[in-house]
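1. what's the 3D shape of this:
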Amino acid sequence: MSPNAATPDELARRVLHRDANLLVLDKPAGLAVHPGPRTPESLEAFLPALAFGLCQPPAIVHRLDRDTAGCLVLARHPKALRRVNRLFAEGAVGKTYWALVRGSPREASGTVDLALLKVSGPQGWRMVVDPAGQPATTAYRVLGAGGGIALVELQPRTGRTHQIRVHLAALGCPILDDPVYGTARPGAPHALLARRIVVPPLSPSGTGVDVIAPPPPHMRGAIETLAPSALLSPSLDGGSG
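-> Numbers count the residues shown, from 1 in each chain. Predicted structure coming up:
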C-alpha cells in the first residue's frame, strides 16, 4: 500500500489485535509511522480512526521503517502507554522479523553482535558498523533459500535504528530492495516484515498479547516458494527482542 492508498477504514481493517489496553496494527509498507520532510503523510494522521469508541486516539509505542510492514503496537490510554513502554525498555517484548535477502548467510543460524553508529554525509544519514557505536545483537536463522535469495527469520535482542538492515548487509546478504544498505528497484519497498510481536501482561491479572502478521503482497510469492511451511507455524520462540 502506498501512503496515498491508505484510508481510515483500510487501516481499521488492518488491526490484528484489540483489547482494553493495546492495539496491534498490520502496518502497510510505504506508510511512515511519523511525519517527516520526505513523509508528510504518516500513520499519525490516521490515529483518530483507531480510537474504537474511546475519547482519545491511541499512542504509537515504537516505530517501524516506512517500508517495513507488519506488527506495530499502539497503546489505547496513558496508563497502558507507560506500562508497555517500560516493557519495551526492559527488553521484555518479543519481536520476530522476516526478511527476503540477496544471497544467504554462510551459516544456517547464528547471532550477529556488531555495534552500530549513526553517521551523516552529503547523501544524508545512515547506520554503520563501528565499535564506537551502541551495542547491537540480532539472532537469525534461514527458513529457506533458492534462486539467489533467502528467507531469513530474525530476532533483534536490542532495538537500534536500522539494526536488522545493517546486520544483514554485514553478513553479505542485504535485504531485497533496500535503497540504503543494498540495491533497490525504483519504487519497490524493501522486503522486511515485522512478523510477530509478543507483549507480556501489563498487570499481574492481565493477559499477554501474541500476534502474527501476514506477509505483504510484495513478499508473499517468494515466501510461498522458499518456505511454505513457515506460514503454517509460529516463528522462533517468541523470546524477548
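
2. So which residues of this protein form strands?
-> Assigned by DSSP state E, the strands in the chain fall at 15-18, 22-27, 59-60, 69-75, 94-102, 109-113, 116-121, 124-129, 137-146, 149-156, 192-199, 209-212.

3. Spit out the contact partners of the residue nearest in space to the middle of the chain.
-> Nearest to the geometric centre of the chain sits Ala194, at 3.4 Å (Cα atoms, centre = their mean). By Cβ atoms under 8 Å, 6 or more residues apart in numbering, Ala194 lies in contact with Lys27, Leu64, Thr68, Ala69, Gly70, Cys71, Leu72, Lys95, Thr96, Tyr97, Ala213. Using the backbone N, CA and C atoms, a C-beta is placed for each residue, glycine as well.

4. Which pair of the residues you listed spans the longest distance?
-> Across the contacts of Ala194, no pair lies farther apart than Lys27 and Thr96, at 15.2 Å, counting by Cβ to Cβ.

5. Was I right to think Gly206 contacts Lys79?
-> No: shown here, Gly206 and Lys79 do not form a contact pair, counting by Cβ atoms under 8 Å, at 11.6 Å.

6. Those two: which is more packed in?
-> Using other Cβ atoms under 10 Å as the criterion, Gly206 and Lys79 rank with Gly206 on top: 15 against 12.

7. Angles on the backbone of the more buried one, please.
-> In terms of degrees, to the nearest 10, the main-chain angles of Gly206 are phi -90, psi 180.

8. From Leu117, how far off is it?
-> 38 Å (Cβ to Cβ, to the nearest Å).

9. so where's the chain uncertain?
-> For the chain, the stretches with pLDDT under 70 are 1-5, 233-241.

10. 80 instead?
-> Along the chain, the model assigns pLDDT under 80 to residues 1-6, 36-40, 123, 233-241.

11. and Val152, bridged to which residues?
-> Beta-bridge partners of Val152, counted by DSSP bridges, are Ala99, Val142.

12. Pretty sure it sits against Leu143.
-> Yes: with contact taken as Cβ under 8 Å, Val152 and Leu143 are classed as touching, separated by 6.9 Å.

13. neighbours around Ala75, how many?
-> Per other Cβ under 10 Å, the neighbour tally for Ala75 reads 20.

14. That one and Val61 touch, don't they?
-> Yes: between Ala75 and Val61 there is a contact at 5.4 Å, judged by Cβ under 8 Å.

15. Now for these two: what residues contact both?
-> Leu81, Val84, Asn85.

16. Make TSV from those and add neighbour count and distance to Pro131 to it.
-> Listed next are the shared contacts of Ala75 and Val61 as TSV, based on neighbours: other Cβ atoms under 10 Å; distance: Cβ to Cβ, whole Å:
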residue	neighbour count	distance to Pro131
Leu81	18	35
Val84	24	32
Asn85	14	29
